[in-house]
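Asks: What follows is a protein structure lacking sequence information:
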DNA sequence: TGATCTAGAATGAATATTCAGTATTTTGAA
DNA sequence: TTCAAAATACTGAATATTCATTCTAGATCA
């Protein structure tokens, strides 16, 4: 049991990679199985052999994506001594690769398009919550060590995420450099707004 | 030509109102003509009698929407003497009725899902630009009269809009009160971040 | 009567999913 | 070791579904 396992792994990855790119580029609905078939040069049946459904494929990508985000951030986080630097680091991380934001176009579109709460919606809800919790912890840390003022943490967590979420949308119409600058300026303003005296 | 005209006006409004709500709630693609038929209790044919197409209907809504926004804001604006109050007023205006934000789900989804630039996309692009221009002027005014610090205006305009855009997404999961509070807090932070000394 | 308005079934295109069959690899008993 | 059956990986045409749009006919008002 070797060559088969390897093969499966490879095609699954091939499908995942191609469809991820397509979902990001075109959105969830606008990406058809046919598109993925063309991009991967494997049959529709094969896609359904490896993934339960289009929705299941999407779910797989979201989870993978979220997992990777945690990993890469954890690796980076160590290098920022203060919370303020962490927030700048976070902004840069997001600006450099907006795809890393768990709430990108496709997810958001999906979230809005489905009628009934599907498995995917629950997952997304959890991921968003996780993201807010992450922000809360970051801010709490800053408050604890005196870097930040003791504002309403829950509110600030949402605001920080909103800022990045909104920026990720606008950044579609901006150059790399503009994006970086704007993210940075946003953090400047945010921090100046919440910094301790 | 009276009763007929009235009738036409009414059904057109009925269709517009119902579909606006649906587009906002479910997104553009996920809203089917059938949905609108159910919501309005008038037939598919009727919808097509009054509007050229689904896209045409959407376009109509966007324009109407933008027009109304200008009007209502202009009416409100007078009552805010300072720029700072204007920004709070703006936040409240948006929080109270997120539908007023030109870049809501449906618009954004539409913007992303279509392959080729359609008439609608151009409209949306213009509206977004108009919105940023509006923010720029507001901020410039604040700088001119000494309320705000002389930051990078273009960047700030995007940031302010991003903030509201992101908040409008998160507010879907918040109560009315939470929404109001969070919008307000966001402006607190923003202003504290850009206020003159 | 003729213009305007409305209904709702029919059409047709797009597209997610299934299925019946084929090719390849693994397994394990002779 | 060998080789046939089992398991696995895959194909692509067929099917099912969804949905925008059109069409024909009927109702209502001037």
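Replies: On my side now, so go ahead. Just so it is clear, the model here is predicted, and its values are computed rather than measured.
Asks: Point out where chain A drops to low pLDDT.
Replies: Counting by pLDDT under 70, the ranges of chain A that qualify are A:1, A:97-121, A:196-197.
Asks: can you list the residues of chain A near DNA strand C?
Replies: A:1-4, A:7, A:29-30, A:32-34, A:44-45, A:48, A:53-55 (Cβ under 7 Å from any atom of the strand). C-betas here are computed from N, CA, C, even on glycine.
Asks: Which residues are in contact with residue A:43?
Replies: By Cβ atoms under 8 Å, 6 or more residues apart in numbering or on different chains, the contact set of residue A:43 is residue A:37.
Asks: one more time with 10 Å, if that's ok
Replies: By Cβ atoms under 10 Å, 6 or more residues apart in numbering or on different chains, the residues touching residue A:43 are A:33, A:37, A:49.
Asks: got the contact list for residue A:73?
Replies: Residue A:73 touches A:86, A:89-90, A:93-94, A:100, A:134, counting by Cβ under 10 Å, 6+ apart.
Asks: 8 Å - rerun?
Replies: Residue A:73 makes contacts with A:90, A:93, as judged by Cβ under 8 Å, 6+ apart.
Asks: how close does it get to chain B?
Replies: To chain B, residue A:73 is 19 Å away according to Cβ to the nearest Cβ, to the nearest Å.
Asks: did I read that right, that residue in a helix?
Replies: Yes: assessed with DSSP: H, G, I helix; E, B strand; the rest coil, residue A:73 lies in a helix.
Asks: any idea how far DNA strand C is from it?
Replies: Per Cβ to the nearest atom of the strand, to the nearest Å, residue A:73 is found 32 Å from DNA strand C.
Asks: just to revisit the earlier point, for residue A:164, state which of the contacts of residue A:43 is nearest.
Replies: Of all the contacts of residue A:43, residue A:164 sits closest to residue A:33, with 31.9 Å by Cβ to Cβ.
Asks: For the nearest residue to the closest one once chain neighbours are set aside, grab phi and psi.
Replies: Residue nearest to residue A:33 in three dimensions, not counting chain neighbours: residue A:44, with 5.4 Å by Cβ to Cβ, 6 or more residues apart in numbering or on different chains. Dihedral angles of residue A:44 (phi, psi; degrees, to the nearest 10) stand at phi -60, psi -40.
Asks: In this structure residue A:57 contacts residue A:18, no?
Replies: No: using Cβ atoms under 8 Å, residue A:57 is not in contact with residue A:18; the gap is 10.4 Å.
Asks: could you check whether stretch A:34-54 is close to DNA strand D?
Replies: Yes: contact between stretch A:34-54 and DNA strand D, assessed by Cβ under 7 Å from any atom of the strand, occurs at A:42-46, A:48-50.
Asks: For that stretch, measure first residue to last.
Replies: Start-to-end span of stretch A:34-54 (Cα to Cα, to the nearest Å) is 11 Å.
Asks: so of the residues of chain A next to DNA strand C, which ones are in helices?
Replies: Taking DSSP state H as the definition of helices, those contribute A:3-4, A:7, A:33-34, A:44-45, A:48, A:54-55.
Asks: Quick check on those: which are buried?
Replies: By neighbour count, with 16 or more other Cβ atoms under 10 Å in any protein chain shown, these hold residue A:54 as buried.
Asks: Can you add distance to residue B:61 and give the ones in helices among the residues of chain A next to DNA strand C back as JSON lines?
Replies: Shown next, in JSON lines, are these (distance: Cβ to Cβ, whole Å):
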{"residue": "A:3", "distance to residue B:61": "56"}
{"residue": "A:4", "distance to residue B:61": "53"}
{"residue": "A:7", "distance to residue B:61": "50"}
{"residue": "A:33", "distance to residue B:61": "31"}
{"residue": "A:34", "distance to residue B:61": "31"}
{"residue": "A:44", "distance to residue B:61": "36"}
{"residue": "A:45", "distance to residue B:61": "41"}
{"residue": "A:48", "distance to residue B:61": "37"}
{"residue": "A:54", "distance to residue B:61": "29"}
{"residue": "A:55", "distance to residue B:61": "29"}
